[in-house]
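**Q** missing the sequence, but the structure's below:
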């Protein structure tokens, strides 16, 4: 089993050295992160996503799409339909202190926007709460 927890509690892939934990989204990215290159081997990367271990993959609401498991609950709309950020499939925690909870205008975000976007004179939430309450 090569499951490990990388920085920021992200799902990772354990290298042969049993020390290095590569974040899921850096596996099969054409850049070797393990000393022996096992994160880029043909048996792992040959038929994405089928060749990947299940713990590295998150299936989007539309099953023809997938993202790496560490992209689930990263506050970005990686699936395009927010299924990686909202609902029972994703099971994400609520917005943290650096985020404002609302229904965003931009497809880039799903249920939270970065607080740095609050009161910047631009509507980011459907309710305008980012400009008047946040």
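**A** Done, it's in. Treat the numbers as computed from the prediction; the structure is a model and nothing was measured.
**Q** after the lowest-mean-pLDDT helix or strand in the chain, next one along is what?
**A** Every helix and strand of the chain was ranked by mean pLDDT, DSSP states H and E. The lowest is helix 87-90, at a mean of 86. Sequence order places strand 99-101 as the next helix or strand after helix 87-90, per DSSP states H and E.
**Q** Tell me where this protein has strands.
**A** All strands of the chain, identified by DSSP state E, fall at 3-6, 10-14, 21-23, 57-59, 66-68, 99-101, 112-114.
**Q** related to what we said a few turns ago, buried stuff in the least confident helix or strand of the chain?
**A** Across helix 87-90, burial judged by 16 or more other CB atoms under 10 Å covers residue 90. Yep, even glycine has a C-beta here, placed from its N, CA and C like the rest.
**Q** gap between that helix and the chain center?
**A** 13 Å (CA atoms, centre = their mean, to the nearest Å).
**Q** Report all helices and strands that that helix contacts.
**A** The helices and strands touching helix 87-90, judged by 3 or more CB pairs under 8 Å, 6 or more residues apart in numbering; DSSP states H and E, number zero.
**Q** who's in contact with that helix?
**A** Residues outside helix 87-90 that contact it (CB atoms under 8 Å, 6 or more residues apart in numbering): 58, 59, 61, 72, 73, 83, 84.
**Q** same thing but at 6 Å, please
**A** 72, 73, 83, 84 (CB atoms under 6 Å, 6 or more residues apart in numbering).
**Q** what's near enough to touch the last one?
**A** In this case it means residue 84. Residue 84 touches 58, 67, 72, 78, 90, counting by CB under 6 Å, 6+ apart.
**Q** State the pLDDT value of it.
**A** pLDDT recorded at residue 84 is 96.
**Q** Look up how far residue 117 lies from it.
**A** Distance of residue 84 to residue 117, given as CB to CB, to the nearest Å: 20 Å.
**Q** again with the third one
**A** If you measure residue 83 against residue 117 using CB to CB, the figure is 23 Å.
**Q** higher neighbour count, the two?
**A** A direct count of neighbours by other CB atoms under 10 Å for residue 83 and residue 117 places residue 83 higher, at 23 against 19.
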